[in-house]
Every structure is written in C-alpha cells, then in structure tokens.
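**Q** Sequence first, predicted model second:
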Amino acid sequence: MKALFEALRTALLKGEKAVLCTIVASSGSSPRGEGAKMAVFADGTADGTIGGGAVERKSQEYAQELLRSGGASLVHAFRLSPNEVQDIGMICGGNVTVAFQVLDAAALPVVDAIVEALTRCDEDVWLITPVQEGLSWSLGLYDSTHGLRFADALSMEDLRPMLLSRGVLRKEEPSFYVEPLVQAGVVYLFGGGHVGKALCPVLTQVGFRVVLFDDRPQAAVPEQFPQAVRIILGDYRHIFDHITITGRDYVVIMTPGHQSDFEVLSQVLTTPATYVGCIGSRHKVAATRERLAGLGFSQADMDRVHSPIGLPIGGETPEEIAISIAAEMIAHRSGKL
C-alpha cells in the first residue's frame, strides 16, 4: 500500500495526473475484496492490483479514458452473470464496484499525509474515498490527532458511525467508502528461533509490524531480523521492563523453552492484547493450562490463547508453520476468526 501511494506522489510531483482505482463493494467469488487498490498512470503503467483479469484490464481502460478526457471521477459496477464471466475471460465470478478518482497536483497534501501515516504506523488512520461521479474532492483522512482532513463535504456526524467497521460503503448521499488505512499496534514476537526468522518477513509482507524480543544476544541481532521495527534483548521474566502491550497488539510466543514460554504467557494474559498465540504440542497446551489455573487464571483467560498456534494446514517446516501462523493472524485481523 505504501509503495502505491509513493508511486502516486512521484507522478503528482512531476505534474502528471493519475487515477486511483478502489474496490468499494464486492460479492460472490471476486478475486479481491473491498479496499483493493490500483493506481493507473498517464504512461500506461499501473501499480497495485484489484484482482487481475478482465475487470482489472477494463478498469485500466476506464482510467486511461478519464486521463485523456479530463474527467474528475467515475464509479463503475461490474455485475457479471456466469455467462458474462465466461465471455470476458474471468476465472472468478461475482460483482465488483470500482471507484475511479482522478488525482492531480492538488491532491499532493493528502497523498503526502497518507504516505506519512503509512510510514509512522503509530495510530489508527481511516481513508475516505468518495463514491460519486464528478465529485470535486478526492480523498479524506481521519485520525484522533488531526481529526477529519481533506474532506470538507463530510461531517464527523456522518463519519463517526463508520469508524468501528473494517470497510463500509455508505450508499446515501454523500456516498463514500471508509476503510482503515493504518491499524496501529504491533506483533510482539517472543523468540528468534527458526520459526521466528521465517515468520517475521511473512508478517511484514501482509502489513504487520514486528517487534522481536529474545533473551539471547546471538538471537536478538538486527541482521537476522531486518524487517523488525525494533529488537529487544531482555529477560523473559520481566517483559514489562521493555514493552507495554495494548489492546491493538498481537503476541506470538515461541521462546526456546517451555518454562520461558510459560513465563511470557503468564505476563501477557494480564494485558488486553487482541491476539495471543503460543507454539507447542497439545500435551504442552494441557500442561500449560493446568499451571495457569494454579496461578488463578480463569478458563476465559486461557481460552484467549491460540495454542497450538496457527491454522491446521499440516505445516512441518519453519516456513510452513510461519504461513499457518500468519494465516491465523490475518483471519483474526479481518474478523473471520
């Protein structure tokens, strides 16, 4: 996402126009869901994807026509019956609505703010896309620090009910699509072993920010975790000497030993972390639950823990296990789990 908006900024700084294409509604088996984005440039190139195939190709054609004609914005619904899907060469069916926003140099302030937000990732930020043909304003932003910006056509009264959802299309006038641009919070990864090394880049690729925590000097090394935003060498028995875990944070526990896993877990369960996962066998899980009960943790506390961690895809190698863990975390983030 950040690369897409950086490419947009580069084009706008050159005085070129570009079109931002956003899926604002989808149903059926469309390849990409709401919020997928693609930027189309005057030279015919594109950045990002809204699913590939014929819909993406036709969307690029619509975007190029907007650039040639000087149009302001466009909303197009691809509503495809099974026969129409086959006729235009799509593998997936379903309905897709795409909003096309023509951006020029006047959009640089909001694009700059988007890139800055995606760089900092230190608070929740929502992106607001108008869904109305010919609308004069392009994009808006909302965060608690700055409030509502770049969207004079909206009021906080209109926007506030939309901020609790992952992505919402408001159909009444003014029509707009609201989605989280940045979901603050980090993944605290306890343990820099083989699975941890495989997991860190996978999580980074799908939009998580990773903080590695390990008590071994040879493991807590930046060169081994170049994607991590922070690396902590600390005592597993005293993790709160170094970090504060909030309700937006994820915790993944895979230290070198059962005792250190337990020490970390017993501390983490006192926090409001949104996701807690711990690696280990079912035998280890049963033993850990018994020990937690002995410390006074309730059944509800223990039920918060995803253990064995990851979706059951039969992974055996560190890389396969990493994918299963990342998949479970994505499912949790999207509200599917």
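**A** On my side now, so go ahead. Numbers count the residues shown, from 1 in each chain.
**Q** Helix or strand: which one has the residue nearest the centre of the chain?
**A** Nearest to the centroid of the C-alpha atoms of the chain, with distances taken as C-alpha atoms, centre = their mean, sits Gly207, at 4.7 Å. Secondary structure assigned from DSSP states H and E places Gly207 in neither a helix nor a strand.
**Q** how near is it to Ile253?
**A** 21 Å (C-beta to C-beta, to the nearest Å). All C-beta spots, glycine's among them, are computed from the backbone N, C-alpha and C.
**Q** Counting by contacts, list what the helix or strand containing Ser59 packs against.
**A** Ser59 is part of helix 53-69, with elements assigned from DSSP H and E. For helix 53-69, the elements it packs on are strand 18-27, strand 37-41, strand 73-80, strand 94-103, judged by 3 or more C-beta pairs under 8 Å, 6 or more residues apart in numbering; DSSP states H and E.
**Q** Now those strands in JSON lines, please, with extra columns for distance to Glu328.
**A** Conversion of those to JSON lines gives the following (distance: least, C-beta to C-beta, whole Å):
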{"stretch": "strand 18-27", "distance to Glu328": "23"}
{"stretch": "strand 37-41", "distance to Glu328": "25"}
{"stretch": "strand 73-80", "distance to Glu328": "32"}
{"stretch": "strand 94-103", "distance to Glu328": "25"}
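**Q** And this protein, what are its domain boundaries?
**A** Structural domains annotated on the chain: 1-184, 187-333, as defined by automatic domain parsing.
**Q** Now do the SS call for Pro161.
**A** State at Pro161, reduced to three classes by DSSP: H, G, I helix; E, B strand; the rest coil: helix.
**Q** What distance do you get for it to Val178?
**A** Here the criterion is C-beta to C-beta. By it, Pro161 lies 9 Å from Val178.
**Q** between these two, which one's more packed in?
**A** Higher neighbour count among Pro161 and Val178: Val178, with 24 against 11, using other C-beta atoms under 10 Å.
**Q** Just say helix, strand or coil for that one.
**A** When the structure is split into helix, strand and coil by three-state DSSP, Val178 lands in strand.
**Q** Who are the contact partners of it?
**A** For Val178, the set of contacting residues under the criterion of C-beta atoms under 8 Å, 6 or more residues apart in numbering consists of 126-129, 159, 162-163, 165, 167-168, 170.
**Q** give me that answer again for 10 Å
**A** The contact partners of Val178, by C-beta atoms under 10 Å, 6 or more residues apart in numbering, come to 24, 126-129, 140, 142, 154, 158-159, 161-163, 165-170.
**Q** So what's the residue count around the nearest residue to Gly140 once chain neighbours are set aside?
**A** Leaving aside its sequence neighbours, Gly140 sits nearest to Ala151 (C-beta to C-beta, 6 or more residues apart in numbering; 2.7 Å). Taking other C-beta under 10 Å as the criterion, the count of residues near Ala151 is 21.
**Q** Quick one: buried ones out of the contacts of Val178?
**A** Burial by neighbour count, 16 or more other C-beta atoms under 10 Å: within those this picks out 24, 126-129, 140, 142, 154, 158-159, 162, 167-170.
**Q** all helices of the chain, in order?
**A** Remark: helices assigned in the chain by DSSP state H are 2-13, 53-69, 82-87, 108-120, 156-159, 194-205, 258-268, 282-294, 299-303, 318-333.
**Q** Confidence-wise, which of the ones you listed is weakest overall?
**A** When those are ranked by mean pLDDT, helix 82-87 comes last with a mean of 46.
**Q** What count of nearby residues applies to Val131?
**A** The number of residues near Val131, taken as other C-beta under 10 Å, comes to 21.
**Q** contacting residues around it?
**A** If a contact means C-beta under 10 Å, 6+ apart, then Val131 has 22, 24-25, 73, 75, 97-99, 101, 169-171, 174-177 as its contacts.
**Q** any idea how far Leu74 is from it?
**A** In this structure, Val131 lies at 10 Å from Leu74, with C-beta to C-beta as the measure.
**Q** Could you list the low-pLDDT ranges of the stretch 151-300 of the chain?
**A** 165-166, 174 (pLDDT under 70).
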